[in-house]
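>>> Could you work out the structure for the sequence below:
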Amino acid sequence: MNSKSLRPVEILLVEDNPADVLMARSAFEDFKITNILHVVEDGVQALEYLRGEGDFAGAPRPDLIMLDLNLPRKNGHEVLAEIKSDPVLRNIPIVVLTTSKSEKDVLEAYDLHANCYIVKPVGFVNFVEAIKSIKNYWFSLVTLPSEVENGKNPT
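From the prediction side, this is the model:
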């Protein structure tokens, strides 16, 4: 739970690799992160989720998006561009969490206003440590937009 919030933080993980989804779920459980993790498998589902369309009608607005770049149907750069160009969605922080170390991918993600870019570490222990770092930064130190929008005092 976010130490500054009275409710769990809603996280949307956009990831098509079942092994990475399993590792993320395990990492959140290992660190007793009580935030709520929602998972979609591709870029089209991510946008449907965020817009509350189809099967995702009534889905909670995420406080943080963890976005892979290598996705089917609509890649992460396309998803990032659509989110950041939408005035209703653009203030949701996006952590790009991907295997790509390409300078082109890094620059494009930041040009599209990603909040940070993390290369997925190899191996479960390293992946868990990366999730722990994300947790410590985004859920303990940072004030998320939903905390301000909901009238919470971020101090």
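>>> all strands for the protein, in order.
10-14, 36-40, 64-67, 94-98, 116-119 (DSSP state E).
>>> any chance of those in CSV, plus distance to Ala130, mean neighbour count and mean pLDDT?
Backbone N, C-alpha and C define where each C-beta goes, glycine included. Shown next, in CSV, are those (distance: least, C-beta to C-beta, whole Å; neighbours: other C-beta atoms under 10 Å; pLDDT from 0 to 100):
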stretch, distance to Ala130, mean neighbour count, mean pLDDT
strand 10-14, 13, 24, 92
strand 36-40, 15, 18, 89
strand 64-67, 10, 24, 94
strand 94-98, 8, 24, 93
strand 116-119, 6, 16, 92
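>>> For the ones you listed, give me CSV that also has distance to Gly54.
Compiled in CSV, the strands of the chain are given as follows (distance: least, C-beta to C-beta, whole Å):
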stretch, distance to Gly54
strand 10-14, 15
strand 36-40, 11
strand 64-67, 18
strand 94-98, 22
strand 116-119, 30
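>>> So which of those strands is nearest Glu48?
Among the strands of the chain, strand 36-40 comes nearest to Glu48, with 7.9 Å by C-beta to C-beta.
>>> Mind giving me the packing neighbours of that closest one?
strand 10-14, helix 18-30, helix 43-51 (3 or more C-beta pairs under 8 Å, 6 or more residues apart in numbering; DSSP states H and E).
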